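**Q** coords below, sequence missing:
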């Protein structure tokens, strides 16, 4: 666990069973951690929406807390050939695909498509997608929040409210 004491935006959500903390980064980004109450991670995941994140951002207050956050490293690899048809994107994988804008001489269809994301959070900061580095700013003590239950995390660009990364950590105490 990493330990920091400082002033953080935080809030206890009573609509969804979670405690929410915002970890500010340099350059208009932040990580939002929503730690579920024991046994409630799936309820939290089902309740996630743009409206939920907006409600958190307008409800939290900045207080001095001692914050314990686990180090974590997640690599995700998704076979899009399996996943995209589930959301209605089927044609590029069939004989009906039309990629004549790429090459008019060959009939093409998508055979493989993979999406891979990597996020590493430790004392040095956050590295996401192996190409984007975001450093945390130093903070300062009182009540404590231990992120020791399953949680959802989001890395958000503050000006546009765009979610850059989102994931779930089921066992934050596992190495």
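**A** Right, received. Where do you want to start? This one's a predicted model, so the numbers in the text were calculated from it and none came from an experiment.
**Q** Just the mean pLDDT for stretch 104-111, thanks.
**A** Averaged across stretch 104-111, the pLDDT comes to 74.
**Q** List of residues touching that stretch?
**A** Residues outside stretch 104-111 that contact it (Cβ atoms under 8 Å, 6 or more residues apart in numbering): 81, 92, 93, 94, 95, 97, 99, 102. Any C-beta I mention is one placed from the backbone N, CA and C, and that applies to glycine too.
**Q** Which pair of those residues spans the longest distance?
**A** Farthest pair in those (Cβ to Cβ) is 81 and 102. Separation: 18.1 Å.
**Q** Name the residues of stretch 147-157 that are buried.
**A** Across stretch 147-157, burial judged by 16 or more other Cβ atoms under 10 Å covers 147, 149, 150, 151, 152, 153, 154, 155, 156.
**Q** What separation is there between the first one and residue 28?
**A** Distance check for residue 147 against residue 28: by Cβ to Cβ, to the nearest Å, it reads 23 Å.
**Q** Ranking helices and strands of the protein by mean pLDDT, which lands last?
**A** Taking mean pLDDT, DSSP states H and E as the measure, strand 132-134 is the helix or strand of the chain with the lowest mean score, a mean of 22.
**Q** if we look at the following helix or strand past that one, which residues are touching it?
**A** Later in the chain than strand 132-134, the nearest helix or strand by DSSP states H and E is strand 144-146. Strand 144-146 is contacted by residues 1, 10, 19, 21, 35, 65, 66, 67, 68 when judged by Cβ under 8 Å, 6+ apart.
**Q** Give me the more crowded residue out of residue 81 and residue 102.
**A** The neighbour count for residue 81 versus residue 102, taken as other Cβ atoms under 10 Å, is higher for residue 81 (14 against 8).
**Q** And the more buried one, its phi and psi?
**A** According to degrees, to the nearest 10, the main-chain angles of residue 81 amount to phi -60, psi -30.
**Q** give me every residue that touches it.
**A** Counting by Cβ under 8 Å, 6+ apart, residue 81 touches 93, 110, 111, 112, 113.
**Q** How much space separates it from residue 97?
**A** Distance from residue 81 to residue 97, by Cβ to Cβ: 12 Å.
**Q** Specify the residue positioned farthest from the middle of this structure.
**A** The centre of the chain is farthest from one residue, residue 105, which by Cα atoms, centre = their mean lies 42.0 Å away.
**Q** Return the backbone torsion pair for that one.
**A** According to degrees, to the nearest 10, residue 105 has phi -90, psi -20.
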